[in-house]
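Here you go, sequence then predicted model.
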Amino acid sequence: MAEEKKVYTRTKGIIEGAVSGFCPGCMHSTIHKIIGEAAEELGQLDNLVRVEGVGCCGLGQFYVTCDETIAAHGRAGAVATGIKRSSPNSLVYTYQGDGDLAAIGLAETMSAANRGENFTVIFVNNGIYGMTGGQMAPTTLVGMKSTTTPGGRNPEEHGYPMHMSEILNQLTAPYYIERVSCDTPQHVIAARKAIKKAFQYQLDGKGYSIVEIVTSCPTNWGLDPLKSLDFLREKMFEEYPLGVFRDEGKKLK
Amino acid sequence: MARIEITTEACKSCSYCVISCPKQCIEISDKVNSKGYLYAASVRPEDCIGCAMCAQICPESAIEVWR
């Protein structure tokens, strides 16, 4: 019998022995894991700089091993611009939720994308404000209940869900835009590949890249982790279809 | 012979590994860890094929796989 080999090891991108502060079934920790793995595969773990938004993503500060800073609410795009311009050899990424990137930080996000700044944005879209207690986010689905829309989101009163990848795809400067998810092992592998590709484009100096990850929020959706996966597949994927919106690197070949 | 090792202290009982295992050889046990979660455990380890699907989906990176 052949000797057994370790085929899956915990990434060095997260602190050894640490347990994340996220709720059971939350995919934030999955995303931290795959970011660590993607950086490890590129050999860039020591060169990684993370800019966090405010919200549940801020809990990642106790979980990752890379250098990091927390920006004011929504301003991660502006802070990352400063870090990348003053330290162009670092691999800089921002880690933002939907309330941070799409609501309060919309101006910074759009401006950074429009300038084609050479950093990567990891955008976690779960359709709700997580840490503050389940308020309506710009990405909340029509009819979806939240603490500020107890009767469900009414488009006449609250507007329609915002599709950030599609909106950013209207700009000229962004280099790479993809929407992925983490609900199955296959999607986790695809998400890791997307993040790795975005990091590689940044190392090559190509410009702005964004990976939107559609995830669940079992706690604030009021569902258990497995039922939240069903909701994610049935409702969220319908509103936010997965796929590559722009890949300039592929176009050239 | 493939096998998995679960860091039970990190498990939060989300059952993602249970539904991801193609051989159904992970189940939520009736034991609790220090945080009060019923942690996942490997049952029928002889059925494990070492595909690492459970490790890929595990949000807490609590599973390591040997093959």
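Arrived safely. Everything numeric here is computed off the predicted structure, so don't read it as measured data. Residues are numbered from 1 along each chain as shown, chains lettered A, B, ... in the order given.

B:Tyr39 and B:Ser15 touch, don't they?
No: using C-beta atoms under 8 Å, B:Tyr39 is not in contact with B:Ser15; the gap is 10.8 Å. From N, CA and C alone the C-beta is placed, and that goes for glycine too.

if I look at those two, which residues touch both of them?
Listed as contacting both B:Tyr39 and B:Ser15 by C-beta atoms under 8 Å, 6 or more residues apart in numbering or on different chains are B:Ile28.

Show the backbone phi and psi for the most centrally placed residue in chain A.
With distances taken as C-alpha atoms, centre = their mean, A:Phe123 lies nearest the centre of chain A, 2.8 Å away. Note on A:Phe123: backbone dihedrals following degrees, to the nearest 10 are phi -110, psi 120.

quick one: pLDDT of it?
On the pLDDT scale, A:Phe123 is placed at 96.

same question, A:Ala2
A:Ala2 is given a pLDDT of 68.

tell me the contacts of the residue nearest to the centre of chain A?
A:Gln96, A:Gly97, A:Asp98, A:Leu101, A:Ala102, A:Met164, A:Ile210, A:Val211, A:Glu212, A:Ile213.

ok, now A:Ala190?
By C-beta under 8 Å, 6+ apart, A:Ala190 lies in contact with A:Val180.

interface residues of chain B facing chain A?
By C-beta under 8 Å from any C-beta of the partner chain, the residues of chain B that approach chain A are B:1-3, B:9-10, B:12-16, B:19-20, B:35, B:37, B:50, B:52-61, B:63-67.

Would you state the helices of the stretch 151-253 of chain A in chain order?
Ranges of helices within the stretch 151-253 of chain A are A:155-158, A:164-168, A:185-203, A:218-221, A:225-231, A:237-239, A:248-252, based on DSSP state H, counting those that start in this stretch.

just for chain A, where's the confidence low?
Filtered on pLDDT under 70, chain A yields the residue ranges A:1-2, A:252-253.

picking up where we left off before, only whichever of the residues of chain B next to chain A are buried, select them in ChimeraX.
Here is the ChimeraX command that picks out the buried ones among these, judged by 16 or more other C-beta atoms under 10 Å in any protein chain shown:
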select /B:2,10,12,13,14,15,16,19,20,37,50,52,53,54,55,56,57,58,59,60,61,63,64,65,66,67
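
Just the ones of the residues of chain B next to chain A in helices?
B:Tyr16, B:Ile19, B:Ser20, B:Met53, B:Cys54, B:Ala55, B:Gln56, B:Ile57 (DSSP state H).

Could you save the residues you listed as CSV and add columns showing pLDDT?
Output for those, formatted as CSV (pLDDT from 0 to 100):
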residue, pLDDT
B:Tyr16, 95
B:Ile19, 95
B:Ser20, 95
B:Met53, 94
B:Cys54, 94
B:Ala55, 95
B:Gln56, 95
B:Ile57, 95
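
so which of the residues you listed comes closest to A:Ile195?
A:Ile195 lies nearest to B:Gln56 out of these, by C-beta to C-beta, at 14.0 Å.

check contacts around the closest residue in space to that closest one that isn't next to it in sequence.
Spatial nearest neighbour of B:Gln56, excluding adjacent residues (C-beta to C-beta, 6 or more residues apart in numbering or on different chains): A:Pro185 at 4.0 Å. Contacts for A:Pro185 (C-beta under 8 Å, 6+ apart) come out as B:Ser20, B:Met53, B:Cys54, B:Gln56, B:Ile57.

Could you measure from A:Pro185 over to B:Cys17?
As for A:Pro185, its distance to B:Cys17 is 9 Å (criterion: C-beta to C-beta, to the nearest Å).

if I look at these two, which residues touch both of them?
Common contact partners of A:Pro185 and B:Cys17 (C-beta under 8 Å, 6+ apart): B:Met53, B:Cys54, B:Ile57.

Please identify which pair of the ones in helices among the residues of chain B next to chain A lies farthest apart.
Once C-beta to C-beta is applied, those give B:Ile19 and B:Ala55 as the farthest pair, at 14.2 Å.

still on that earlier bit, is it possible to export the contacts of A:Phe123 to TSV including distance to A:Cys57 and neighbour count?
Shown next, in TSV, are the contacts of A:Phe123 (distance: C-beta to C-beta, whole Å; neighbours: other C-beta atoms under 10 Å in any protein chain shown):
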residue	distance to A:Cys57	neighbour count
A:Gln96	6	31
A:Gly97	5	30
A:Asp98	10	28
A:Leu101	10	31
A:Ala102	13	23
A:Met164	15	25
A:Ile210	15	28
A:Val211	14	26
A:Glu212	14	28
A:Ile213	11	24
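
Just give me the neighbour total for residue 30.
Using chain A here. Neighbourhood size, A:Thr30 [other C-beta atoms under 10 Å in any protein chain shown]: 27.

Correction: the question concerned chain B.
When neighbours are defined as other C-beta under 10 Å, B:Asp30 has 8 of them.
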